[in-house]
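Peer 1: Any chance you can model this:
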Amino acid sequence: MVVNKVAHLGIVALAAMLVGASWQPVRAEELATQHGTDSGSCARSAFQVLIDVGHTATSPGADSARGVPEYEFNLKLADAIAQSLHEAGFDKAVRLVTSGSKLTSLFKRVVSANHSNADLFISIHHDSVPDNLKETWQYEGRKLSYSDRFSGYAIFVSNYNVDRAASVAFGHSLGQELQKHGLHYTPHYTLPLMGRYRHELIDEEAGVYRYDHLIVLYGAHMPAVLLEAGSIVNRQEELELATPERRLMVAEAVTAAVENFCASRGKSVAERPAHHPIFVVNTAASKGIRPASLSHHRRIHAAKT
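Peer 2: Below you'll find the model as predicted:
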């Protein structure tokens, strides 16, 4: 679940300092056209996608309506996506797994992604809602929380990503592909009842939201999106998200979006020197972000992993 507990004071300046990116407002439809009509073929064997498994085994994220940690959902879906990409010829698609606490693992993901020189970063999550919107029920003798009010996916991008335009374009394509598979996006992040968890919907057609200060999105040195694949606190959608069929549906949508995105950037990818895929587990924050900055970020960030 995306949870924004950030004090807004100084966020823009901090993000700009860390990433050094600038942006101008642009419509998602224009971005999709810009990136979707470029000529050139997709060099799949040279195109590296990092599939980031959201959260960690020790910091597993939200609990589902039936008490299953979000991390388990994320891991299974990331596996399905990686397999689908490999079957489509993206041999360098890899799953990114980290360990440790919430904030530490956020920095590990960014460092690992930037060290890999990947072409695209996709963080996999499953959604929840703020505690004040939850109800309680009994399941298998346990008192658990749920909310059946909202369902559907959500896609997040940061305006401070080094390639914001490409991030938004990929998010647009991903949302369209998910909808082709019969899925819909959740509108609840736009509602006043979300309070400080509210986000701006920048692409009403595809379900892409703006989340500027999420570390994995603005710190990545490549186009990056975060996908909330559905709500695990919605009792019906939780059951659907737990099935191989739903995971395959999402994996196929992600793969189709990656194919479109790769094709739009085919020429530049083909001209790059080959880089080798990596499987990252328990990486240390050593490059790109100084460990001394952790305490500073802890004061101003309480973002999800």
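Peer 1: Residue 64 versus residue 83, what's the distance?
Peer 2: Applying Cβ to Cβ, to the nearest Å, the value for residue 83 to residue 64 is 23 Å. Where you see a C-beta, it was placed from the backbone N, CA and C, and this is true even at glycine.
Peer 1: Residue 209 now?
Peer 2: 22 Å.
Peer 1: next one: residue 77
Peer 2: According to Cβ to Cβ, residue 77 and residue 64 sit 13 Å apart.
Peer 1: list residues touching both of these two?
Peer 2: Contact criterion Cβ atoms under 8 Å, 6 or more residues apart in numbering; residues shared by residue 77 and residue 64: residue 126.
Peer 1: still on that earlier bit, more crowded one of residue 209 and residue 64?
Peer 2: Neighbour count, other Cβ atoms under 10 Å: between residue 209 and residue 64, residue 64 has more, with 27 against 22.
Peer 1: In stretch 205-222, which residues are buried?
Peer 2: For stretch 205-222, a neighbour-count test (16 or more other Cβ atoms under 10 Å) marks 206-222 as buried.
Peer 1: Can you list the buried residues in the helix ranked longest in the chain?
Peer 2: Secondary structure assigned by DSSP state H gives helix 244-264 as the longest helix of the chain. Residues of helix 244-264 classed as buried by neighbour count (16+ other Cβ under 10 Å): 246-264.
Peer 1: Equivalent analysis for stretch 124-137, please.
Peer 2: So, applying 16+ other Cβ under 10 Å, buried residues of stretch 124-137: 124-129, 133-134.
Peer 1: And the residues you listed, which is closest to residue 226?
Peer 2: residue 125 (6.2 Å; Cβ to Cβ).
Peer 1: Just confirm the closest one is within a helix.
Peer 2: No - Residue 125: not assigned to a helix; according to DSSP: H, G, I helix; E, B strand; the rest coil it is strand.
Peer 1: residue contacts, the nearest residue to it once chain neighbours are set aside?
Peer 2: By the measure of Cβ to Cβ, 6 or more residues apart in numbering, the closest residue to residue 125 outside its immediate chain neighbours is residue 54, 4.0 Å from it. Residues in contact with residue 54, defined by Cβ under 8 Å, 6+ apart, are 61, 70-71, 74, 123-126, 226, 304-305.
Peer 1: from memory residue 177 sits against residue 250, does it?
Peer 2: No - assessed by Cβ atoms under 8 Å, residue 177 is found out of contact with residue 250, at 9.4 Å.
Peer 1: so where's this protein uncertain?
Peer 2: 1-40, 266-305 (pLDDT under 70).
Peer 1: the helices in it, which residues?
Peer 2: Applying DSSP H to the chain gives helices spanning 11-19, 28-36, 70-87, 102-116, 164-180, 215-218, 235-241, 244-264, 266-270, 293-300.
Peer 1: Tell me the buried residues in the third one?
Peer 2: Residues of helix 70-87 classed as buried: 70-85 (neighbour count, 16+ other Cβ under 10 Å).
Peer 1: The spatially most central residue of the chain and residue 90: what is the separation?
Peer 2: Closest residue to the average C-alpha location of the chain: residue 226 at 1.4 Å, with Cα atoms, centre = their mean. Going from residue 226 to residue 90 by Cβ to Cβ gives 20 Å.
Peer 1: Residue 129 too?
Peer 2: Separation of residue 129 from residue 90 (Cβ to Cβ): 34 Å.
Peer 1: picking up where we left off before, put the alpha carbons of the longest helix of the chain into PDB.
Peer 2: Extracted C-alpha coordinates of helix 244-264, given in PDB (Å, rounded to 0.1, in the frame of the first residue of the first chain):
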ATOM      1  CA  PRO A 244      -2.600 -18.100 -10.500                       C
ATOM      2  CA  GLU A 245      -5.100 -16.800 -13.100                       C
ATOM      3  CA  ARG A 246      -5.100 -13.300 -11.800                       C
ATOM      4  CA  ARG A 247      -1.300 -13.300 -11.500                       C
ATOM      5  CA  LEU A 248      -1.000 -14.500 -15.000                       C
ATOM      6  CA  MET A 249      -3.400 -11.800 -16.200                       C
ATOM      7  CA  VAL A 250      -1.300  -9.000 -14.600                       C
ATOM      8  CA  ALA A 251       1.900 -10.600 -15.800                       C
ATOM      9  CA  GLU A 252       0.700 -10.600 -19.400                       C
ATOM     10  CA  ALA A 253      -0.400  -7.000 -19.100                       C
ATOM     11  CA  VAL A 254       3.000  -6.000 -17.700                       C
ATOM     12  CA  THR A 255       4.800  -7.900 -20.500                       C
ATOM     13  CA  ALA A 256       2.700  -6.300 -23.200                       C
ATOM     14  CA  ALA A 257       3.400  -2.900 -21.800                       C
ATOM     15  CA  VAL A 258       7.200  -3.700 -21.600                       C
ATOM     16  CA  GLU A 259       7.100  -4.800 -25.200                       C
ATOM     17  CA  ASN A 260       5.500  -1.500 -26.300                       C
ATOM     18  CA  PHE A 261       7.900   0.500 -24.200                       C
ATOM     19  CA  CYS A 262      11.000  -1.400 -25.400                       C
ATOM     20  CA  ALA A 263       9.900  -1.000 -29.100                       C
ATOM     21  CA  SER A 264       9.500   2.800 -28.600                       C
END
